[in-house]
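Peer 1: everything below, folded, please.
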Amino acid sequence: MSVSDETRAWFGRLVADTRERFAGLAELGDDPERLYGEARSPEGVVAVVAPGGMPVRLTLSATALRLGPEELAERIVATQREAAAEAGRRQAEAVQELVGPATGGAVDVRSMVDRALDKGRFREAEDRLDSADEQFGRRR
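Peer 2: Numbers count the residues shown, from 1 in each chain. I've put the predicted structure just below:
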């Protein structure tokens, strides 16, 4: 079975395009700070998070330090979650720019991340934890 010149040329373009996209994905790691997410609470908690949720930096203002321990902890966790969501969106955007055109729009990385970061899921999980705490006589 012989392969036509047209098929060989198409396959060559496909391989070159795939290599270029893989190289672009590899380069995302060269400048990780562009993918960091940052969030600020009204009280002055500032969280900077890398994709995947790894905290990079946490800053607490004097106002934040005047909060009680439980409230401060809640603000830190909430702000870190917001920053992690932002990092996820930034990463999705970068991947979408590299992968999306190759799929003719069939793959929408942004919407996949947005669905995964659905705040309703976090609220449901938090409600279940609150319910478990009450069941065992613990209060947050």
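
Peer 1: who's in contact with Ser41?
Peer 2: Residues near Ser41 by C-beta atoms under 8 Å, 6 or more residues apart in numbering: Ala64, Arg75, Ala78, Thr79. C-beta coordinates here come from the backbone N, C-alpha and C atoms, glycine included.

Peer 1: pull the contacting residues for the third one.
Peer 2: With contacts defined as C-beta under 8 Å, 6+ apart, Ala78 is in contact with Ser41.

Peer 1: a helix runs through it, doesn't it?
Peer 2: Yes. The assignment for Ala78 by DSSP: H, G, I helix; E, B strand; the rest coil puts it in a helix.

Peer 1: distance check, it against Gly68.
Peer 2: 15 Å (C-beta to C-beta, to the nearest Å).

Peer 1: so who does the residue lying closest to Ala39 once chain neighbours are set aside touch?
Peer 2: Of all residues not flanking Ala39 in the chain, Glu82 sits nearest, at 3.6 Å (C-beta to C-beta, 6 or more residues apart in numbering). Neighbour list for Glu82: Gly37, Ala39, Ala47 [criterion: C-beta under 8 Å, 6+ apart].

Peer 1: and what of Ala23?
Peer 2: So Ala23 contacts nothing (C-beta under 8 Å, 6+ apart).
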